[in-house]
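Peer 1: okay, here's the prediction I keep looking at, along with the sequence it came from:
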Amino acid sequence: MKYRKKPVVVEACRFNGFDQECFSERPQWLEAAIMNGTITHTMGKLVIDTLECQMLCDVGDYIIQGVNGELYPCKPDIFEKTYEVVEDE
């Protein structure tokens, strides 16, 4: 059996590294996650507490806020194959 992902809109930003502007944008949910410790850092990477476990976010990865507010990292190639920009309505 084959399945298609339902079209849902998520918010995301890209982690650019620590030596420049860290994120492509700084939405409120990202700020809140940093302030409450959901996102921390170690050895040049971000550590994100996801629903399943802690996951590392490398430079260039996207941080996605899912439909229930959960956060998780996503590699750029997977992100670009899975998501497209939604124009403001």
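Peer 2: Good, I have the coordinates.
Peer 1: switch to C-alpha atoms for all contacts and neighbour counts from now on
Peer 2: Noted.
Peer 1: SS state for the residue nearest the centre of the chain?
Peer 2: Nearest to the geometric centre of the chain sits I63, at 0.9 Å (Cα atoms, centre = their mean). Secondary structure for I63, judged by DSSP: H, G, I helix; E, B strand; the rest coil, is strand.
Peer 1: what pLDDT does the model give it?
Peer 2: With respect to pLDDT, I63 has a value of 96.
Peer 1: mind listing the strands for the chain?
Peer 2: With DSSP state E applied, the chain shows strands at 11-14, 39-42, 45-49, 54-57, 62-65, 71-74, listed in chain order.
Peer 1: tell me the helices and strands packed up against the last one.
Peer 2: Yep, that's strand 71-74 we're talking about. strand 45-49, strand 54-57, strand 62-65 (3 or more Cα pairs under 8 Å, 6 or more residues apart in numbering; DSSP states H and E).
Peer 1: E84 is nearest to which of the ones you listed?
Peer 2: strand 62-65 (12.9 Å; Cα to Cα).
Peer 1: residues touching that closest one, excluding its own?
Peer 2: Counting contacts by Cα atoms under 8 Å, 6 or more residues apart in numbering, the residues outside strand 62-65 that touch it are 10-15, 29, 57, 71-76, 79.
Peer 1: still on that earlier bit, for the spatially closest residue to the residue nearest to the centre of the chain that is not a sequence neighbour, give me its contacts.
Peer 2: Spatially, and ignoring its direct neighbours in sequence, I63 is nearest to P73 (4.5 Å; Cα to Cα, 6 or more residues apart in numbering). Residues near P73 by Cα under 8 Å, 6+ apart: 48, 55-57, 61-64.
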